[in-house]
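Colleague: Give me a model of this one.
(one chain, ligands or ions: 2)
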Amino acid sequence: MPAYKRILLKLSGEALMGDDAYGINRATIVRMVREVAEVTQLGCEVAVVIGGGNIFRGVAGGAGGMDRATADYMGMMATVMNALALGDTMRQEGMTARVMSAIAIDQVVEPYVRPKALQYLEEGKVVIFAGGTGNPFFTTDTAAALRGAEIGAQVVLKATKVDGVYTADPKKDPTATRYASVSFDEAIARNLQVLDATAFALCRDQKLPIKVFSIFKEGALKRVVLGEDEGTLVHV
Ligand SMILES: Nc1ncnc2c1ncn2[C@@H]1O[C@H](COP(=O)(O)OP(=O)(O)OP(=O)(O)O)[C@@H](O)[C@H]1O
Ligand SMILES: O=c1ccn([C@@H]2O[C@H](COP(=O)(O)O)[C@@H](O)[C@H]2O)c(=O)[nH]1
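Modeller: Ligands and ions are numbered 1, 2, ... in the order given. Here you go, the predicted model:
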């Protein structure tokens, strides 16, 4: 039995690269999709927000001298590309997925309309939210918090490159230790950057827990959905 009826899964864009330097690694996206399929087979309703870090991040464009808002729109379009690739891979794997975008690209992808998204979820379709929040200066983590709250998800699952929330960035500080659980207040006060502060604050206000776990660990998503000990829980 799944521990959650409906989840919002945030998939790392950067992880889609696999061992490549850029873009979408075929074997990696297929593996991710198969893990999602496993939890849908448990009867869990799944909505997905995908990042864009494998293609473009607005902050990098801004640092390079671009207008930051323009760079962020490029980043949002990167998430649309990832969402289309994810939806197509799901189709190839026999799943039914619908991509909905926060930015209008009507010839390519249907717009995000909340009641329609809820209908798809009730029908057992996977809904992939593309284009982040649709606004510059935000991230797909905040989009995951926002859409998670909108669809009444019981948890936001952040599937990322690290296996939980640490006292400091484990990629920079080898002495950092992993929390089994941590409160939103502590995560924000300590400026733990595994998610951005806006996402943490929104989930805290909506009393929407977040689970952070590794996208690279086989079976981790299923264990999280079954309520087993995996990753770090961020709670009120
Ligand atoms: N306290 C911390 N605990 C865990 N990870 C942290 C911490 N502080 C910073 N990080 C970093 O946060 C990263 C995960 O967040 P990030 O938003 O960069 O990636 P992502 O969501 O996986 O990618 P994308 O933005 O492409 O979707 C980790 O790879 C880790 O290095
Ligand atoms: O609501 C949003 C979401 C994303 N962006 C831009 O897209 C890139 C990629 O998203 P990641 O969360 O970093 O994977 C991000 O760097 C922003 O530039 C946005 O502007 N608004």
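Colleague: C-alpha from now on. contacts and neighbour counts both.
Modeller: Will do.
Colleague: Next, the nearest residue to residue 16 once chain neighbours are set aside: secondary structure please.
Modeller: Once flanking residues are discounted, residue 16 sits nearest to residue 24: 5.2 Å by Cα to Cα, 6 or more residues apart in numbering. With DSSP: H, G, I helix; E, B strand; the rest coil as the basis, residue 24 sits in coil.
Colleague: residues in contact with residue 24?
Modeller: Contacts for residue 24 (Cα atoms under 8 Å, 6 or more residues apart in numbering) come out as 16, 17, 18, 54, 82.
Colleague: Stretch 28-48: which residues count as buried?
Modeller: The neighbour-count check on stretch 28-48 (16 or more other Cα atoms under 10 Å) flags 28-30, 32-37, 39-40, 44-48 as buried.
Colleague: Among those, which ones are in strands?
Modeller: 45, 46, 47, 48 (DSSP state E).
Colleague: Test my guess that the last one contacts residue 129.
Modeller: Yes: checked against Cα atoms under 8 Å, the pair residue 48 and residue 129 is within contact range at 6.0 Å.
Colleague: Need the residues that contact stretch 186-204.
Modeller: 139, 141-146, 149, 165-169, 184, 209-210, 234-236.
Colleague: what helices or strands is the lowest-mean-pLDDT helix or strand in the chain leaning on?
Modeller: One helix or strand of the chain scores below all others by mean pLDDT, DSSP states H and E: helix 58-63, with a mean of 90. For helix 58-63, the packing partners by 3 or more Cα pairs under 8 Å, 6 or more residues apart in numbering; DSSP states H and E come out as helix 68-92.
Colleague: Give me the contact status of the helix it packs on with ligand 1.
Modeller: No: Helix 68-92 is not in contact with ligand 1 by Cα under 6 Å from any ligand atom; minimum separation 8.8 Å.
Colleague: Could you check how far that helix is from the centre of its chain?
Modeller: For helix 68-92, the gap between its own C-alpha mean and the chain's C-alpha mean amounts to 12 Å (Cα atoms, centre = their mean, to the nearest Å).
Colleague: in that helix, what counts as buried?
Modeller: Within helix 68-92, the residues that count as buried by 16+ other Cα under 10 Å are 68-69, 71-90.
Colleague: thinking residue 121 is in contact with residue 47, fair?
Modeller: Yes: between residue 121 and residue 47 there is a contact under Cα under 8 Å: 7.5 Å.
Colleague: Give the residues shared as contacts by the two.
Modeller: Listed contacts common to residue 121 and residue 47 are residue 127; contacts here mean Cα under 8 Å, 6+ apart.
Colleague: The protein against ligand 1: which residues are in contact?
Modeller: 12-14, 51-54, 160-162, 164-169, 171, 192-195.
Colleague: Buried among those? Need that as a selection in ChimeraX.
Modeller: To isolate the buried subset of those in ChimeraX, counting by 16+ other Cα under 10 Å, use the following:
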select :12,13,14,51,52,53,54,160,161,162,164,165,166,167,168,169,192,194,195
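Colleague: The residues of the chain next to ligand 1 also near ligand 2: which ones?
Modeller: Answer for the residues of the chain next to ligand 1 near ligand 2 (Cα under 6 Å from any ligand atom): 13, 51, 52, 53.
Colleague: Could you look up the SS state of the third one?
Modeller: Read it as residue 52. Residue 52 - assigned by three-state DSSP - is coil.
Colleague: Tell me which two of the contacts of residue 24 sit farthest apart.
Modeller: 18 and 82 (13.6 Å; Cα to Cα).
Colleague: Who are the contact partners of residue 206?
Modeller: residue 149.
Colleague: which residues in this structure form helices?
Modeller: For the chain, the helices defined by DSSP state H occupy 26-41, 58-63, 68-92, 114-122, 140-150, 184-189, 197-206, 220-225.
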